[in-house]
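> build me a model:
(chains A and B)
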Amino acid sequence: MTGSPAEKKRMIEVRDLYKIYRVGDNKVYALNGVSFDIYKGEFVAVVGTSGSGKSTLLNLMAGLEPPTKGSILVAGKRIDQMSEEKLVAFRRNNVGFIFQSYNLLNTMNGLENVAMPLMFRGVPKARREQAAMKYMKLMNVQDQAKHMPNQMSGGQQQRIGIARAMVVEPKIIFADEPTGNLDSHTTMDVLRLMQKLVHEQKQTIVMVTHDNQLASYADKQIRIVDGKIVSIEYSDRGREIEGDALEEETRISMGDRTEKTEDGGTADETKD
Amino acid sequence: MKFSDLLHLSISNLKRRKLRTFLTVLGVLIGTASIVVMVSLGIGQSELQMELISSSQSLTTISIYSNSMYGISSDGSQSSEEKQLTDETITEFTRLPHVTGASPMLRYGVIAKQGAYENTYMTLVGVSREYLENIPLAEGSLPEPGDTRLQLIYGNEIIRDFNNAKTGAGYWTTGEEPDVDLVNRPVFIIFDRDKYYQSQSSGQQDSSGDGSGDVTPVTPPKKYIIPTAGIVDGSSGSYQYSYSVYCDVEALKTQLKTIFRKNPIPGQPTNKKGKPYSYFIYDQAEVYVDDMDHVKEVQDLITGMGYQANSNIEWVESSQKQMQTQQAVLGGIGAVSLFVAAIGIANTMMMSIYERTKEIGVMKVLGCDMGNIRDMFLLESGFIGLLGGVAGILLSYGISKVINVLYVKQQMEQAMMAGYSFTGGDISRIPLWLTGLAMVFAVLVGMLAGFFPAKRAMKLSPLAAIRNE
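Next up is the predicted model:
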């Protein structure tokens, strides 16, 4: 499944990236010359302490703010020079995003939230809700379709959030501390889902976290300290989540998952 | 993004804050209603005035006078080529574009007598059949079309001009209506006024014994009994036809010719040798135009032909201009409150954007087009305008109705006190174009007020979505 990186398609190419903030007369180097590659189908964790520049890196890769210097290629496109208008369109067509605080719209129910990015693309209601339902099933939250976000638990909301990132069939998914607001049990749940997306759906995910332990579940860990990469580590296929740690409920959901995977597989074919 | 989705988003956002939406809409409602009611009052007033003008005087009538009245042209010199109003020129007028008809007006002063009463200044006005048909009659009817006999239609106020021939007392001195019945008792008409006065004065001269001797007594002129065809209906409050006596111009001409034969007819101009013309010359004519908009054009044509032409159009135009100013002032007063409402909309939208900063950020991160975000807010503010506009117009109709009921009631009471019948209409009128315009205006004001907040929302940073509170 995961061959050596060299054979794979480069998804993100970051070269010599600087981001300098001016605070009064001082220059703060949030990113101080960063270069790395991310390949298709990788689950990458960007790890660092608070203030290390990891979030800035994510924002730059997602085109949420412009770099001071350097180049960023995402899916073969230079995004560091794009206008805001173009960046929005780029995200709409290529990028999924998972937030720490879920950021579901409170005026919409679960299904509408998942379908929202497709709405931005102008997909008709019936078609986008059908697609949304598919990914909600994959995330095992189909029962939350008619619920409003404030009626859901944190874990359910984040699953909805992941489904929302998936629904556009993006080339890459960015996740900003996706488990930051979740308890440890739900955290494992969400991590497992993300691993599944990478390994079974061939999705590329870039996750930002401050937690070394969480990062160890990724295929590749980019460690950042003070705006510089200190190490890039590969683990052949991330760390498997041990069965013992799981409780009964999780096992049931794992069972569900296998079923859903079959669904996902057939859906994949129709997709392509 | 589809427009229907955009609309759905906007409406659900408005529904989320019902009270705030309601209050903002209320502002627009009051603004719209005040403009519409104010303008409707202006329109009502100017239309009422127009109705008053057109009821007393036709707005499509042009009065034409010969420039050479009394045989002297306007520059004071006697001109041989003076423009005279004759039957020929009347026909000429009818051939002008937009002219539907023309009537000569042949005025002839006579003395009318009945019993002890006489009217020494009664003016017969000979007009065309068409003109006669426009006169409202209270009694009697127009002479049959083929009837060439002279028949008179008396103005309803003409009785008051009869005085007692001996005492000289009349309505204007005693306040009593003279005992004259124009319909049931015969009226004697003396056409040759000069001869009548000569005969009276010659009798007196004889008695004083002037001594010259060559004064032959003048025989009094013949009195004619002219049948009465009808009495003008003056109940409409218009006095246009009330003080004249009308008759068919051809019948009058025939009558005058039989009376005076070859002698000059009084009032008719003579040529240089003092001989009368073989045809009648009118001192006035009227021309009827098909539409008010063409009156000015026709009037200019006639002036160009060398006549003096008057119509109400100049006066109407100037009074309309005055009314427009008044309407603008009224509308301006209403506009102030709509302006305040617009500020309210802008305020609401700004607050809404601050509240939704994060939401907008999320939408931008997820790839919602910036234009779509702007449109969403524009739609919201436009929708507030639309709701306020519709409700405001409904309210205006209500207010307008109440004003009209009160106004008509008050006018009726006034009319009753003054003793004439009330003929006016509504003071507040909301034409369809005003409704449409107010609606469009309300939506526009809403969108305009929402424009800058919407632009601001569009430019919000997507990073707002990343920040965790």
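
> grab the longest helix from chain B for me.
When chain B is parsed with DSSP state H, its longest helix is helix B:370-418.

> any idea how far that one is from the chain center?
28 Å (Cα atoms, centre = their mean, to the nearest Å).

> who are the packing partners of that helix?
When contacts are defined as 3 or more Cβ pairs under 8 Å, 6 or more residues apart in numbering or on different chains; DSSP states H and E, helix B:370-418 packs onto helix A:84-94, helix B:3-16, helix B:18-56, helix B:313-355, helix B:357-365, helix B:432-459. C-beta coordinates here come from the backbone N, C-alpha and C atoms, glycine included.

> OK, contacts around residue B:454?
B:349, B:373, B:374, B:375, B:376, B:377, B:378, B:381 (Cβ atoms under 8 Å, 6 or more residues apart in numbering or on different chains).

> want to try a markdown table for the residues you listed, with pLDDT as columns?
Output for these, formatted as a markdown table (pLDDT from 0 to 100):
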| residue | pLDDT |
| --- | --- |
| B:349 | 91 |
| B:373 | 93 |
| B:374 | 94 |
| B:375 | 94 |
| B:376 | 93 |
| B:377 | 93 |
| B:378 | 94 |
| B:381 | 93 |
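
> now, which of those residues sits nearest residue B:36?
Proximity of the contacts of residue B:454 to residue B:36 (Cβ to Cβ) peaks at residue B:381, which lies at 20.5 Å.

> what about the stretch 101-250 of chain A, any weak spots by pLDDT?
Residues of the stretch 101-250 of chain A that meet the criterion pLDDT under 70 lie in A:236-250.

> for it, what spans make up the helices?
When secondary structure is read from DSSP state H, counting those that start in this stretch, the stretch 101-250 of chain A shows helices at A:110-120, A:125-138, A:154-166, A:184-201, A:212-215, A:248-271.

> contact partners of the fifth one?
With Cβ under 8 Å, 6+ apart as the test, helix A:212-215 has contacts from A:45, A:47, A:179, A:187, A:191, A:207, A:209, A:221.

> try it again with 6 Å
For helix A:212-215, contacts defined as Cβ atoms under 6 Å, 6 or more residues apart in numbering or on different chains pick out A:45, A:47, A:209, A:221.

> what pairs with the helix or strand hosting the first one, parallel or antiparallel?
Using DSSP states H and E, residue A:45 maps to strand A:43-48. For strand A:43-48, the paired strands and their directions (DSSP bridges) read strand A:205-209 (parallel), strand A:220-225 (parallel).

> mind giving me TSV with these and columns for mean neighbour count and distance to residue B:280?
TSV is the format used below for those (neighbours: other Cβ atoms under 10 Å in any protein chain shown; distance: least, Cβ to Cβ, whole Å):
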stretch	mean neighbour count	distance to residue B:280
strand A:205-209	25	108
strand A:220-225	21	115
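
> with respect to residue B:98, which of these lies nearest?
Nearest of the strands paired with strand A:43-48 to residue B:98, taken as Cβ to Cβ: strand A:205-209 at 82.0 Å.

> got the angle between that closest one and helix A:184-201?
On the basis of axes from the mean of the first three to the mean of the last three Cα atoms, to 10 degrees, strand A:205-209 is oriented at 160 degrees to helix A:184-201.

> need the residues that contact the strand holding residue A:45.
Strand A:43-48 is touched from outside by A:38, A:54, A:57, A:198, A:205-209, A:215, A:218-224, A:238, with contacts defined as Cβ under 6 Å, 6+ apart.

> and for stretch A:118-125?
Stretch A:118-125 has contacts (Cβ under 6 Å, 6+ apart) with A:92, A:128, A:167, B:1, B:2, B:5, B:367, B:368.

> pLDDT-wise, what's the bottom of those residues?
Within the set of those, pLDDT is lowest for residue B:1 (84).

> what's the closest non-adjacent residue to it?
residue B:372 (4.5 Å; Cβ to Cβ, 6 or more residues apart in numbering or on different chains).

> what about the one you found, how many neighbours?
22 (other Cβ atoms under 10 Å in any protein chain shown).

> state the distance from it to residue B:5.
From residue B:372 across to residue B:5, the span is 9 Å (Cβ to Cβ, to the nearest Å).

> so where do the helices sit in the stretch 151-300 of chain B?
Assigned helices in the stretch 151-300 of chain B, in chain order: B:171-174, B:193-208, B:249-260, B:295-304 (criterion: DSSP H, counting those that start in this stretch).

> could you give the mean pLDDT of the strand holding residue A:45?
93.

> in that strand, which residues are buried?
The neighbour-count check on strand A:43-48 (16 or more other Cβ atoms under 10 Å in any protein chain shown) flags A:43, A:44, A:45, A:46, A:47, A:48 as buried.

> mind checking how far the third one is from residue A:202?
Relative to residue A:202, residue A:45 is positioned 18 Å away (criterion: Cβ to Cβ).
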